[in-house]
Structure formats: C-alpha cells, structure tokens
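J.: compute the structure for the input listed below.
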Amino acid sequence: MFRSGNRRSSNRSRLLIVILLVTSLFFITLDLRGVSFTSGSRSVTQTILAPVQKSVSNIFAPVGRFFSDVKSFGKTSNEIKELKSQNAELKKQVILNKDIQGQLTQLRGALDLAARANYKVVSARVIGRGSASTFSQTISIDAGTADHVSVNETVISANGLVGVVKSVESHSAIVLLMNDPAFRIGVRDARTQSVGVLIGQGGNEYQFQLLDPTGEIKVGDSLISNGSDGNRPFIPGLPVGYVTSVDHTSASLTQSATVKAYANLNNIGVVSVVVSAPTTAPRSIIQPTPIPTVTVYVTPAPVATPSATPSPTGSGH
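T.: Numbers count the residues shown, from 1 in each chain. As a prediction, this is how the structure comes out:
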C-alpha cells in the first residue's frame, strides 16, 4: 500500500508538470499570434502587486533617505561652516565701510572749514579717549611730530573748535578737549563783537563770561575764537558755540550765559590740527556748515461750506 501511495503522488506530480508545460506553451503561442491575453495578465499582475510594491517602498524609503543624509552630513556641515565664515566676513566689511564713510564725511567737513578760513591742517584719526596725564577730558590722535604736529596747536572738526594739543610723540598726540574744566579760551560775540571768556564745564554745556560791562548777550548769539599771539594755542575766527540761555540774576557787573559748542565732542572720529593760520581773523564770520532741516508743509483740510437754506418769509400786510 505504501508503494501504491508513492506511485499516485508521483503520477500527480508528473501530471501537474505536464499541465504547466502545456499552459506555458499555450500562452506563448497566443503571445506570438498577437493575442492581448498575456499583456492583460501582466496588467492584472501589476495591478495586484502595485499596492504591495508601494507599501514596501513607503517602508524602506525613510531608511534609504536616512543613509543618504548620513553620507552627505559631513559635506553639508562643512558648507554651513564656510557660509557662516563668509557671512561674518561680509558683516565685518559692511561695518568697515560704514566706519570709513563716517570718517570721510567728518574729514570733508573739517577740510571745508579749514579751506574757507585759509588754515593749513594735518588730519588725524581719534584712536583713544582719556589718558594717564592730569587732564580729565582728552583724546589721543594718530598724528605727531613726524606729521609736523606740535604742542599748543588748535584742533578742529567739521563744526569748529575741538581743543588744543597738549603733548606730542612721534606718531601720536594728546588733545585737551574744550569741555575740560581747566579749558579757557577768549571768544567774541559775532553780533556785538563784545569779548569774553568761555570755560569748560566737563559736559555738553559751557559758561560764557562777558568782559565788557556795557555789552549785551542774546540767546542764539554765535561765539568765535578771539585768537592768541602767534596763533598759539588758539587761532582767530574759529566757530566755538552759540548762546542757549542768559543769566540775568548774576550779581556780577557783566553778563554770563550758557553756551553749547558747535562741535559734538562725543561724536568725533576724525579731527584736524591747524599747523598754520592767518595772523588776523577772517574778515567774514566762519560758521560751520548747517545741517539741512526738513520742512514739513501741512495743508489744512477744506472747510465744508454750509448750503444756504431758504427761510420761510412771512406775509405781512
């Protein structure tokens, strides 16, 4: 019986193989004759297998992307570092360009002021503030004896007086600013030509003491330097400041006033040292270049005119 069972199983296998061969030959024959049955079967097979292929692709796609990202991570990191370095360099260049532009603007103004007054100047950059000396309000500049700068020379900016040179090295100098409490300069009122003394107060305001008992000070009066013998330490005709308020309560015989300097000492990056100036004050008053003001024109809204309404007229007899 066992042999009989094996014989039946073997016969079934042979029959199955024969059926498959016949079926294969059948499909091949149909395909060669142009019958679309085979292509239809392929289409059916693809339709059945498409969802399976899509699912497998969705499962393994993130894995493939992960390994791809890992492979390119090093390259991307280097590119990011390079871009950051380039960005930092561009930012630094922008800052340098703005600094140069600001210095050129101040230099142009100082040279313009010097040209109008026929001053010979040496321009320099401000490289420091304060010093180890006894002066409290000072700046350091990058010009010295090698640039023909010497002690007791007037220092100006685009807007007028800044201070005076107090010590000099080969390639640097220390300038005493005009707002130092030890600073004194003889000035005159451009309007009345009355002479007085301007005194530094350590801040943005200055004290002006009129020496002429008969003189008069008004708010808005411009003060210009009176000059010194041999133009040292101060040259004549230099814009110094303008009167902001007058002290009418002083018990002294002469008037005093509060003055604001034309030069902003907190905002100077370039100055010019006057190494030569005319022996007499300029005939015309030298004023700093005014900052243009913006004028705003306001047009009033039209006023509606009420329409005339006829009023009833009574009949009187």
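J.: Gly203 - how many residues pack around it?
T.: 11 (other C-beta atoms under 10 Å). Heads up, the C-betas are built off the backbone N, CA and C, glycines and all.
J.: skipping adjacent residues, who's closest to it in space?
T.: Leaving aside its chain neighbours, Gly203 sits nearest to Asn179 (6.4 Å; criterion: C-beta to C-beta, 6 or more residues apart in numbering).
J.: now do Ser194
T.: Per C-beta to C-beta, 6+ apart, closest to Ser194 is Gly215, 3.4 Å.
J.: paired strands for the host helix or strand of Val273, with orientation please.
T.: Take DSSP states H and E as the rule and Val273 turns out to sit in strand 270-276. Paired strands of strand 270-276, with direction, are strand 120-129 (antiparallel), strand 154-157 (antiparallel) (DSSP bridges).
J.: next secondary structure after the first one?
T.: Reading on from strand 120-129 to the C-terminus, the next helix or strand found by DSSP H and E is strand 138-141.
J.: quick one: average pLDDT of that following strand?
T.: For strand 138-141, mean pLDDT is 94.
J.: which other helices and strands does that strand contact?
T.: The contact analysis (3 or more C-beta pairs under 8 Å, 6 or more residues apart in numbering; DSSP states H and E) places strand 138-141 against strand 120-129, strand 160-168, strand 173-177, strand 270-276.
J.: swap the cut-off to 6 Å and go again
T.: On a contact count with 3 or more C-beta pairs under 6 Å, 6 or more residues apart in numbering; DSSP states H and E, strand 138-141 meets strand 120-129, strand 173-177.
J.: state the mean pLDDT of the last one.
T.: Average pLDDT, strand 173-177: 95.
J.: now do stretch 213-225
T.: 91.
J.: I'd say Tyr119 and Ser272 touch.
T.: No: using C-beta atoms under 6 Å, Tyr119 is not in contact with Ser272, being 8.0 Å away.
J.: for these two, list the residues in contact with both.
T.: Both Tyr119 and Ser272 lack any common contacting residue under the criterion C-beta atoms under 6 Å, 6 or more residues apart in numbering.
J.: on that earlier part again, report how many residues lie close to the residue nearest to Gly203.
T.: 22.
J.: contacting residues for it?
T.: Contacts of Asn179 (C-beta under 6 Å, 6+ apart): Gln137, Gly200, Leu265.
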